[in-house]
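**Student:** all I have is the shape, not the residue letters:
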């Protein structure tokens, strides 16, 4: 791919309980895909997990938050008409200055 681009959206959803969160995860296909993944969860284990999750992450109104990261990736097949990136260090202005934000490095 040429000129790859990536972005992330973070969404926090507030659920009434752990079972509602599990229903959404299943609907999104975010479950264990391994064949022969072992024994199913017992009701007692799910109830204990719900209790611990609510104690540790629950909000004052009793709802529990879950944050999802949606990753967007895009790229184009190389072509001679495609724009070419400028050489590194050729910018006349820093992007952070143009956006009016503090520059962040991967080390912070």
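**Tutor:** Great, that's in hand. All of these numbers come straight from a predicted model, not from anything done at the bench. Numbering: from 1, shown residues only.

**Student:** from here on, just use CA atoms for contacts and neighbour counts.
**Tutor:** Fine.

**Student:** identify all contacting residues around the host helix or strand of residue 14.
**Tutor:** Per DSSP states H and E, residue 14 falls inside strand 2-15. With CA atoms under 8 Å, 6 or more residues apart in numbering as the contact definition, strand 2-15 has outside contacts at 21, 63-78, 85.

**Student:** now, those that are in helices?
**Tutor:** Taking DSSP state H, the ones among these that sit in helices are residue 21.

**Student:** can I have the buried ones of the contacts of strand 2-15 as a PyMOL selection?
**Tutor:** The buried residues among the contacts of strand 2-15 can be selected in PyMOL (16 or more other CA atoms under 10 Å) with this line:
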select buried, resi 21+63+64+65
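
**Student:** pLDDT weak spots in the protein?
**Tutor:** Where the chain drops to pLDDT under 70, the residues are 35-37, 106-108.

**Student:** can we see that at 80?
**Tutor:** 1, 32-40, 85, 104-108 (pLDDT under 80).

**Student:** ok, which stretches of it are strands?
**Tutor:** Secondary structure of the chain (DSSP state E): strands at 2-15, 64-76.

**Student:** distance to residue 105 added to the ones you listed, as CSV?
**Tutor:** As requested, these are exported to CSV (distance: least, CA to CA, whole Å):
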stretch, distance to residue 105
strand 2-15, 16
strand 64-76, 20
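
**Student:** which one, of these, ends up nearest to residue 99?
**Tutor:** strand 2-15 (16.6 Å; CA to CA).

**Student:** direction included, what does the closest one pair against?
**Tutor:** strand 64-76 (antiparallel) (DSSP bridges).

**Student:** run through who's touching the partner strand.
**Tutor:** Contacts of strand 64-76 (CA under 8 Å, 6+ apart): 1-18, 21, 53-54, 57-59.

**Student:** could you find the closest non-adjacent residue to residue 58?
**Tutor:** Excluding its sequence neighbours, the residue lying closest to residue 58 (CA to CA, 6 or more residues apart in numbering) is residue 64, at 4.6 Å.
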